[in-house]
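A.B. asks: Sharing a model that was predicted from the sequence below.
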Amino acid sequence: MTVLDRIHQHRSIREYKPDPVPDALLTEILAAGIRASSSGNMQTYSIIVTRDRALREQLYIPHMKQNMALDAPVLLTFCADFHRMRHWLKLNDAPDNFDNFMSFMVAAIDAILVSQNVVMAAESKGLGICYMGSTLANCDEIGRILQLPPNVVPVVGFSLGYPAEDPAPSDRLPLAGLVHNETYHDYSDECIRDIYRERDVKGWQRYMSAPRLRQMIEESGVENLAQVYTTVKYTRESHQAFSKKVIDYLASQDFMN
């Protein structure tokens, strides 16, 4: 399978075989991961590999009780990390300019780039993954469990293992609705309807096919996919609460000076 074929076949895997991921294979895919682009070649990230069952049981709660946290043999957490570099700067009597929000953003982008490299390497070896947005949403609790020092913040993470399911790839919005030539071109009402036409149908069908989600949707009284996103999945109250949690944790981790 070519690289392009592999990319187009990406699926989120939520069910895993119990088979462990061999150490040599994990090292191989992580070595490929760190070849990702990095701002200034500073590589301001760290990767936490969690295999221990007891530790994954602790992470299960801040990962919003998603079964992948327990069923997959490996959890990978990619952290924005200026702790290591700031230590190096101190040893070399260099000014320390990295205790601010811009530094967090640089490190977060580094971590995200590495994570996607690891995904592609893992999938090329027959492994599956599922990204977990709970990594950032509950970064403070995850950081405590993983014993992260100041200037280190969990940004993105995923489960990793051999797939025990073969789901169809999720639909994507059409390319024409995502790409802007030369400058940004705003959308008319009809253009928005065209871009989301297929998503409105397939996304709704996907949610209604899952018994737990169907029950939540029916109990909430929503009528379309857009309402599912902001009434059931991502409420204003939850996003405001998570926003405050992340901002407070950034301050406590010395990223908001």
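C.D. replies: Great, that's in hand.
A.B. asks: Could you list the buried residues of stretch 218-234?
C.D. replies: 222, 225, 228, 231 (16 or more other Cβ atoms under 10 Å). (C-beta placed from N, C-alpha, C; glycine too.)
A.B. asks: hang on, I meant stretch 168-181
C.D. replies: Neighbour-count burial for stretch 168-181 flags residue 177 (criterion: 16+ other Cβ under 10 Å).
A.B. asks: Can I get that stretch in PDB, CA atoms only?
C.D. replies: Extracted as PDB, the C-alpha positions of stretch 168-181 are listed here (Å, rounded to 0.1, in the frame of the first residue of the first chain):
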ATOM      1  CA  ALA A 168     -15.200   2.000   7.500                       C
ATOM      2  CA  PRO A 169     -13.200   5.200   7.200                       C
ATOM      3  CA  SER A 170     -15.200   8.200   8.500                       C
ATOM      4  CA  ASP A 171     -16.600  10.700   5.900                       C
ATOM      5  CA  ARG A 172     -14.800  13.900   5.300                       C
ATOM      6  CA  LEU A 173     -16.000  17.300   4.100                       C
ATOM      7  CA  PRO A 174     -15.300  17.900   0.400                       C
ATOM      8  CA  LEU A 175     -11.900  19.300  -0.500                       C
ATOM      9  CA  ALA A 176     -13.500  22.300  -2.200                       C
ATOM     10  CA  GLY A 177     -15.100  23.300   1.000                       C
ATOM     11  CA  LEU A 178     -11.800  23.300   2.900                       C
ATOM     12  CA  VAL A 179      -9.200  24.800   0.500                       C
ATOM     13  CA  HIS A 180      -9.100  28.500  -0.400                       C
ATOM     14  CA  ASN A 181      -7.000  29.600  -3.300                       C
END
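A.B. asks: Please state the offset of it from the chain centre?
C.D. replies: Averaging C-alpha positions (Cα atoms, centre = their mean, to the nearest Å) puts stretch 168-181 19 Å from its chain's average.
A.B. asks: same thing with stretch 239-257?
C.D. replies: Centre-to-centre, stretch 239-257 and its host chain are 18 Å apart (Cα atoms, centre = their mean).
A.B. asks: Buried residues of that stretch, list them for me.
C.D. replies: Buried residues in stretch 239-257 (16+ other Cβ under 10 Å): 242, 245-246, 249-250, 253-255.
A.B. asks: Let me know the closest of these to residue 200.
C.D. replies: residue 242 (26.2 Å; Cβ to Cβ).
A.B. asks: Now for the residue lying closest to that closest one once chain neighbours are set aside: which residues touch it?
C.D. replies: Distances taken as Cβ to Cβ, 6 or more residues apart in numbering place residue 137 nearest to residue 242, at 4.6 Å, with adjacent residues excluded. Residues in contact with residue 137 (Cβ atoms under 8 Å, 6 or more residues apart in numbering) are 64, 242, 245-246.
A.B. asks: Among the residues you listed, find me the one that's closest to residue 103.
C.D. replies: Using Cβ to Cβ, the contacts of residue 137 come closest to residue 103 at residue 246, 15.1 Å.
A.B. asks: okay, the closest one: pLDDT?
C.D. replies: Per-residue confidence (pLDDT) for residue 246: 98.
A.B. asks: Can you tell me the SS state at it?
C.D. replies: What DSSP: H, G, I helix; E, B strand; the rest coil gives for residue 246 is helix.
A.B. asks: Quick check: pLDDT value at the residue nearest to it when sequence neighbours are not counted.
C.D. replies: Leaving out its chain neighbours, the residue that sits closest to residue 246 by Cβ to Cβ, 6+ apart is residue 139, at 6.0 Å. At residue 139 the predicted local confidence, pLDDT, stands at 98.
A.B. asks: oh, and call the first residue 21 from now on, that's how I've got it
C.D. replies: With the count now opening at 21, the last piece we talked about shows up as residue 159.
A.B. asks: Thanks a lot, see you next time.
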